[in-house]
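> Mind folding the following:
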Amino acid sequence: MTSPRRRLFVNTLRTGALLLGLAAVGLASAQPKPIRLLVGFPAGGGTDAIARTLADKLKDELGTSVVVENKPGAGGQIAAQTLKAGPADGTVLFLTHDHTISILPQVVKNPGYEPARDFIPVVGLATFVNAFAVSGGTPAKSFNEYVSWVKSAGGGKGAVGIPAPASTPEFLVKLVGGKFGIDLVSAPYRGSAPMMADMLGNQIGAGVASIPDFIENHKAGKVRVVAVLGKNRQAAMPDVPTFDELGLKGFEDLPYYGIYAPTGTPQKFVTDFSNAVAKVIAMPEVRDHLTAMGLTVGHMPPAQFAAREKAYTAAWTKIIKDTGFVAQ
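Numbering: from 1, shown residues only. Below you'll find the model as predicted:
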């Protein structure tokens, strides 16, 4: 027969174990879940590099890990569709630039998402410009030399790589060709990384993408950026003229980088995450790194970022319409 003292001892142990178990469950539930930061382009490209730079610092600000998850394909559509299907609890976000949000819904009939309905703008972190670059095997040292080279060696025709079909770079290729009297044909890739590989291998003579996609190889002399969009030269490459200087105007509204969440994500999380990004991009080492990539870094809280996106989308609605492009 078990003595009263022994029964009391056993019951005390059981109660203690139960309390410890409940405490452990409480701690586990209080621990923030990891955040998946989706990127719609392959590893090695400019968007991926930006995401990994932020993720490394955000974990300290948020107290949880931020894991970059590449979902390449269809110009970011796959990642956007993944975001739409994800839980609206702050555990899945999407870092992207203008193409997936402002351009794709206008050029694809059924992209599988509607930004205004399915996504919340969480934070804008930078603007940038697109650039025209030539491969190392191309003799041209300037944009005008490239035009002359296409007219002489190519009979007036040339192929230009772009990171995705029906993208801002594709429209730029068409507008640039028309402005300067050459027949330029877009060659679409699945992201800037494979396009850059072909440029480095001299498989294609030119490409259009963002400055972050070109900057390292431009500095190394492996490709040459010969013109940038916008009215102002870029601090990362001050010797490169703008297309505005060369006579192609109308691209004053600069593209952007930002982060989105599924509709329904709690406002407190959106505010806290936006504030965390503001702190991270204010860090000198982060700001300097992103600036060296060719970005103009600046925090845009949710409302400001939403207005920025709306203005850019409206500007490109007109440009796309003027080209006569029909949604596919």
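> Tell me the helices and strands packed up against the helix or strand encompassing L172.
Assessed by DSSP states H and E, L172 sits inside helix 168-180. Counting contacts by 3 or more CB pairs under 8 Å, 6 or more residues apart in numbering; DSSP states H and E, helix 168-180 packs against strand 130-135, strand 157-162, strand 183-188, strand 206-210, helix 302-323. Where you see a C-beta, it was placed from the backbone N, CA and C, and this is true even at glycine.
> and V240, which of these is closest to it?
Among the helices and strands packed on helix 168-180, strand 130-135 comes nearest to V240, with 7.5 Å by CB to CB.
> What average pLDDT does the helix or strand just after that closest one get?
Using DSSP H and E, the helix or strand that follows strand 130-135 in sequence is helix 143-153. For helix 143-153, mean pLDDT is 95.
> Show residues contacting helix 143-153.
Contacts to helix 143-153, defined as CB atoms under 8 Å, 6 or more residues apart in numbering, come from residues 132, 134, 138-140, 156-158, 180-182, 184, 206, 226-227, 241, 246.
> Check stretch 102-115 too.
Applying CB under 8 Å, 6+ apart, the contact partners of stretch 102-115 are 75-77, 80-81, 83-84, 101, 119, 166-168, 255, 260, 309, 312-313, 316-317, 320, 325, 327-328.
> try 6 Å this time
If you take CB atoms under 6 Å, 6 or more residues apart in numbering as the criterion, stretch 102-115 is touched by 75, 77, 80-81, 84, 101, 166, 168, 312-313, 316, 320, 327.
> go on, stretch 240-255?
Outside stretch 240-255, the residues that touch it by CB under 6 Å, 6+ apart are 97-98, 127-128, 179, 225, 227-231, 233, 312, 315.
> what's the span of that stretch, first residue to last?
Counting by CA to CA, to the nearest Å, you get 19 Å between the two ends of stretch 240-255.
> tell me how far that stretch is from the chain's mean position?
Between the centre of stretch 240-255 and the centre of its chain there are 21 Å (CA atoms, centre = their mean, to the nearest Å).
> and that stretch, which residues are buried?
By neighbour count on 16 or more other CB atoms under 10 Å, the buried set for stretch 240-255 is 240, 242-244, 246, 248, 251, 253-255.
> Now, these that are in strands?
Secondary structure from DSSP state E places none of those in strands.
> can you list the domains in this structure?
Following automatic domain parsing, one finds the domains of the chain at 33-127+254-323, 130-246.
> ok, then the element right after the helix or strand containing T47?
Using DSSP H and E, T47 maps to helix 46-62. Going down the chain from helix 46-62, the next helix or strand is strand 66-70, by DSSP H and E.
> what residue ranges in the stretch 151-300 of the chain score low on pLDDT?
The stretch 151-300 of the chain contains residues with pLDDT under 70 at 250-253.
> what about the nearest residue to F269 once chain neighbours are set aside, how many residues close to it?
Nearest non-adjacent residue to F269, counting by CB to CB, 6 or more residues apart in numbering: G90, 3.9 Å away. G90 has 21 neighbouring residues, counting by other CB atoms under 10 Å.
> And for N110?
The local packing of N110 (other CB under 10 Å) involves 9 other residues.
> Quick check: it vs V134, distance?
Relative to V134, N110 is positioned 36 Å away (CB to CB, to the nearest Å).
> from what I can see I120 touches A261, true?
Yes: counting by CB atoms under 6 Å, I120 does reach A261; the two are 4.8 Å apart.
> In contact with the residue lying closest to M300 once chain neighbours are set aside, which residues?
Leaving aside its sequence neighbours, M300 sits nearest to G124 (CB to CB, 6+ apart; 3.1 Å). By CB under 6 Å, 6+ apart, the contact set of G124 is 256, 258, 300, 305, 308.
> at 10 Å what do you get?
Counting by CB atoms under 10 Å, 6 or more residues apart in numbering, G124 makes contact with 256-259, 274, 277, 298-302, 304-309.
> Same check on L54?
Contact analysis of L54 by CB under 10 Å, 6+ apart lists 37, 61, 66, 68, 95, 125, 257, 259, 276-277, 280-281, 286, 290.
> rerun at 7 Å
Contacts for L54 (CB atoms under 7 Å, 6 or more residues apart in numbering) come out as 277, 280.
> With L38 instead?
69, 71, 79, 82-83, 92-94.
> Could you list which of those residues belong to strands?
Mapping the contacts of L38 onto strands (DSSP E) picks out 69, 92-94.
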